[in-house]
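**Student:** got a predicted structure plus its sequence, pasted below:
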Amino acid sequence: MAVSVSSAVSRLQTLNGVFAVFKKEGPTSADVLNALKEALLKEAGVSNPNPRKRKRQSMKMGHGGTLDSAACGVLVVGVGNGTKMLSAMLSGSKKYTAVGEFGKATDTLDATGTVTAEKDYGHITRAEVEEKLKSFVGDILQVPPLYSALKRDGQRLSVLLKQGHKVEAKPARAVTVYSIVLQDFSPPLFTLDIECGGGFYVRSLVDDLGKALSCCAHVKSLSRTKQGPFTLDHVLREEQWTLGHVLKVLQPCPATEQTPAAASKACPGTGPGTGPGTGPGTDLSGP
């Protein structure tokens, strides 16, 4: 017996909770979210779904923290009332594996940018790197990158820069780093495993590390391996973006059946449709 389009869409609208997908290198976090939504709507039989048209959204979806377009890894998704759970993902622990390169600085602080400086790295030893890394662990102050999802007057700083506008760096802000481990040291390349709290930028760490070693450095590749309770073992790959797979891994929102007032207390957020991540491509944080 065929299932009607309206019935299939109704099933999607009953989804409430959080799950994780794998973001590959290239697309933005917003692109991934829209592709996921489009895949689910197409499966439900919606012809020519346009997930970017908010007025016609058949399902509410958001993500719990931006990953740079060049980065890959865990991207937490909230659907329905689960979008109000995403603020907890922002403040929770995250883990990254970053490959850095000494000797070159770029304007974006990663490999996608233009090289702005080159310095000799021959004097850097593994012991010196490990010693300098100790100063970046704990509660520290960090200046976010200019090229980021942070906004000025409602516009992303990265977009303003690409449009030729002059952008000043945001002031240093408090972030928490739980641990940094130097996994590999093969100059000019080095690999870091990092566990941190919300609002932390790996690109800024690598840039600051290079300066601390009288050199310069940028991120060559970056992967988020954990966000909140989700690791790479829990993510849905692109070929698994189906209702059946989502239902298997969905962590339900405990307040689905409660009143809006109770829901806002049980699921972190500010109320129905107003909390972080309530729309496609909501930018909340960054690596």
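**Tutor:** Yep, it's here.
**Student:** show me where pLDDT drops low in the stretch 1-150 of the chain?
**Tutor:** Within the stretch 1-150 of the chain, the stretches with pLDDT under 70 are 1-5, 48-58, 89-91, 147-150.
**Student:** how about the longest strand along the chain: buried residues?
**Tutor:** Counting by DSSP state E, the longest strand found in the chain is strand 173-186. Buried residues in strand 173-186, counting neighbours by 16 or more other CB atoms under 10 Å, are found at 175-177, 180. Where C-beta positions appear, they are placed from N, C-alpha and C, glycine not excepted.
**Student:** ranges for the strands of the stretch 101-250 of the chain?
**Tutor:** Ranges of strands in the stretch 101-250 of the chain, per DSSP state E, counting those that start in this stretch, are 104-106, 115-118, 138-142, 151-152, 155-156, 173-186, 189-196, 217-227, 230-231.
**Student:** and Cys215, how close does it get to Gly100?
**Tutor:** Look at Cys215 and Gly100: by CB to CB, to the nearest Å, they are 11 Å apart.
**Student:** same check, this time on Val115
**Tutor:** Here Val115 is placed at a distance of 14 Å from Gly100 (CB to CB).
**Student:** neighbour count winner among the two?
**Tutor:** More crowded of Val115 and Gly100, by other CB atoms under 10 Å: Gly100, with 24 against 13.
**Student:** would you mark the buried spots in stretch 227-239?
**Tutor:** Quick answer for stretch 227-239 (16+ other CB under 10 Å): 227-228, 230, 232, 234-236.
**Student:** redo those residues as TSV? Include distance to Thr125.
**Tutor:** Formatted as TSV, the buried residues of stretch 227-239 follow (distance: CB to CB, whole Å):
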residue	distance to Thr125
Gln227	33
Gly228	36
Phe230	36
Leu232	32
His234	38
Val235	37
Leu236	42
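**Student:** which one among those residues gets closest to Leu189?
**Tutor:** Of all the buried residues of stretch 227-239, the one with the least separation from Leu189 (CB to CB) is Leu232, at 21.7 Å.
**Student:** wait, that closest one sits on Leu75?
**Tutor:** No. The criterion here is CB atoms under 8 Å, and Leu232 misses it with Leu75 at 11.1 Å.
**Student:** joint contacts of these two?
**Tutor:** When CB atoms under 8 Å, 6 or more residues apart in numbering defines a contact, the residues bordering Leu232 and Leu75 alike are Phe22.
**Student:** just give me the longest helix of this protein.
**Tutor:** helix 29-43 (DSSP state H).
**Student:** elements contacting whatever helix or strand comes next after that helix?
**Tutor:** Sequence-wise, the next helix or strand downstream of helix 29-43 (DSSP states H and E) is strand 61-63. Other helices and strands packing on strand 61-63, by 3 or more CB pairs under 8 Å, 6 or more residues apart in numbering; DSSP states H and E, are helix 29-43, strand 72-79.
**Student:** which of those sits most buried?
**Tutor:** Scoring the helices and strands packed on strand 61-63 by mean neighbour count under mean count of other CB atoms under 10 Å gives strand 72-79 as the most buried, with a mean of 26.
**Student:** need the CA coordinates for it. CSV is fine.
**Tutor:** Coordinates of each C-alpha in strand 72-79 appear next as CSV, following Å, rounded to 0.1, in the frame of the first residue of the first chain:
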residue,chain,number,x,y,z
CYS,A,72,35.3,17.3,8.3
GLY,A,73,33.8,15.2,11.1
VAL,A,74,30.9,15.2,13.6
LEU,A,75,28.1,17.6,13.0
VAL,A,76,25.3,17.4,15.5
VAL,A,77,21.8,17.9,14.1
GLY,A,78,18.6,18.8,16.0
VAL,A,79,15.2,18.2,14.5
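**Student:** next, count neighbours for the nearest residue to Phe102 once chain neighbours are set aside.
**Tutor:** Among residues not flanking Phe102 along the chain, Tyr121 sits closest, at 3.8 Å (CB to CB, 6 or more residues apart in numbering). Using other CB under 10 Å, Tyr121 is surrounded by 19 other residues.
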